[in-house]
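Colleague: Here's my sequence, what's the structure:
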Amino acid sequence: MSDHGASHVSGIQAGRDVRIKQSTVAVGQSTATAAPVPPEYATAVAELRRAASLLVGELRKNEEQYEDGAELVEAAERVEAELGRDEPRWNSIQRWLGFIRPGVHATAAVATDVEAIQRGVTTLLAALF
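Modeller: Just a heads-up that it's a prediction; the model follows:
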């Protein structure tokens, strides 16, 4: 892959027939362009960031109450960090939330928070795709 003297890479070449350039994916001779992001997207992500921040705080405060408290805090911090990215990796967020959920099931308020974040991610993904 060559950038032809440009100061940044504008696309990714993966194999012979797959190319990703900005929000367009080309496979062989057909091209698919990502749908425009709904205006509510930024608001929804901001709400998820706030919820994740509250979750991290709650888990830190009550870390000793959980068998795997340190791991739960770390997982929540990973969710928070992922939501802080320009383009969050939603599958990664869902996996970390899936790890947290059974660990906090004994604490109803925290379990409800985790479920609410999971529902928010699922709803946001459904709206995007």
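
Colleague: what's the pLDDT at residue 38?
Modeller: As predicted, residue 38 sits at a pLDDT of 75.

Colleague: quick one: residue 92 and residue 98, what's the gap?
Modeller: As defined by Cβ to Cβ, to the nearest Å, residue 92 lies at a distance of 11 Å from residue 98. C-beta: built from backbone N, CA, C; applies to glycine.

Colleague: what distance separates stretch 72-90 from the centre of its chain?
Modeller: 6 Å (Cα atoms, centre = their mean, to the nearest Å).

Colleague: In it, which residues are buried?
Modeller: 72, 73, 75, 76, 77, 78, 79, 80, 82, 83, 88, 90 (16 or more other Cβ atoms under 10 Å).

Colleague: just curious, which of these is nearest to residue 111?
Modeller: Proximity of those to residue 111 (Cβ to Cβ) peaks at residue 72, which lies at 11.5 Å.

Colleague: Can you name the two of the buried residues of stretch 72-90 that sit furthest apart?
Modeller: 73 and 90 (21.4 Å).

Colleague: secondary structure class for residue 88?
Modeller: For residue 88, the assignment made with DSSP: H, G, I helix; E, B strand; the rest coil gives coil.

Colleague: mind listing what it touches?
Modeller: Under the criterion of Cβ atoms under 8 Å, 6 or more residues apart in numbering, the neighbours of residue 88 are 45, 82.
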